[in-house]
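> The following comprises the amino acid sequence and a computationally predicted model.
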Amino acid sequence: MNTKSKDVNEQIEFGLDSIDSEKTIEIKLKDFMLIYKTFQEFNRFFHQPMHFPTIEDIEVYLGNKDSGAYSMISKIYYQVLDKYLPKEIEDKFGEENDPFHCPDYPYYYKVKSDENIDDGTIRVTDRESFSAFVSNLLNEYKKEGSKWENKRIEDFIEGISAYAQDIDGYYENMKFDTSSDTPTWRIFAQILKGATVYE
């Protein structure tokens, strides 16, 4: 098995052996069938490599939060599964000794610096490039604003506030040697960019 592929399995299965194998929960049939049919569809697509000969084929299939496979992942994760998470399990998430948090980050997080990540802000280095970035962000909104998570100005400003508070968590998760305590024009741009999708 490919080492990176195995890493995915380890991330998912980490800590599950701490749960009593006989413990059960009750789930509504409609919710179960939504989960079942979603995984049925994922299996139908991914079991056959001829379905995705190029990365573009996978990108089309995944879509975004509004449509495609990722929209179903997001719906199940945020709207369905939360209803069934037992409190004794939920309370362990985020604890210092969270039994489900693998201490080793997945392979796709192992990037030393955000200088290697072109998130649309990599060239924002001064006031002029920041101004150009904001203009481009406005053009993006005019063309594809309906795809933004925060479409209304109130939600967008709220997203700016929330992402400004949480952006260091992103840097920490990604193992970046970056801190928002030393602000840069790029960090300002990343906050605006993050506010388009941050809930």
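Great, that's in hand. Residues are numbered from 1 along each chain as shown.
> Show me where the chain has its helices.
3-13, 29-46, 55-62, 69-75, 87-90, 127-144, 153-173, 185-195 (DSSP state H).
> ok, His51 - contacts?
Shown in contact with His51 (Cβ atoms under 8 Å, 6 or more residues apart in numbering): 45, 57, 61. Using the backbone N, CA and C atoms, a C-beta is placed for each residue, glycine as well.
> State the number of residues packed around the last one.
The burial metric for Tyr61, expressed as a neighbour count using other Cβ atoms under 10 Å, is 16.
> Can you give me the neighbour number for the nearest residue to it once chain neighbours are set aside?
Nearest residue to Tyr61, sequence neighbours excluded (Cβ to Cβ, 6 or more residues apart in numbering): Ala69, at 5.5 Å. A count of nearby residues for Ala69, using other Cβ under 10 Å, gives 18.
> Surely Ala69 touches Phe42?
Yes: look at Ala69 against Phe42 with Cβ atoms under 8 Å: they come within range, at 6.6 Å.
> Could you list the domains of the protein?
21-90, 111-195 (automatic domain parsing).
> now, of the ones you listed, which is deepest in the fold?
Burial among the domains of the chain, expressed as mean neighbours by mean count of other Cβ atoms under 10 Å, is greatest for domain 111-195, which shows a mean of 15.
> What's the mean pLDDT across it?
For domain 111-195, mean pLDDT is 85.
> so how far is that domain off the chain centroid?
15 Å (Cα atoms, centre = their mean, to the nearest Å).
> And for the chain, the residue most distant from the center?
The C-alpha centroid of the chain is most remote from Glu22, which lies 31.5 Å away (Cα atoms, centre = their mean).
> any idea how far Gly120 is from it?
Note on Glu22: its distance to Gly120, by Cβ to Cβ, to the nearest Å, is 49 Å.
> Same check on Asp168?
Asp168 is 20 Å from Gly120, by Cβ to Cβ.
> Kindly report the same for Ala69.
Where Gly120 is concerned, Ala69 sits at a distance of 23 Å (Cβ to Cβ).
> go on, Leu34?
33 Å.
> cool, and Tyr108?
Taken as Cβ to Cβ, the span from Tyr108 to Gly120 is 19 Å.
> same check, this time on Phe156
Phe156 is 16 Å from Gly120, by Cβ to Cβ.
> Equivalent analysis for Val134, please.
Distance from Val134 to Gly120, by Cβ to Cβ: 12 Å.
> now Asp82
According to Cβ to Cβ, Asp82 stands 30 Å off from Gly120.
> what's the answer for Lys92, then?
36 Å.
> now Asp57
As judged by Cβ to Cβ, Asp57 and Gly120 stand 23 Å apart.
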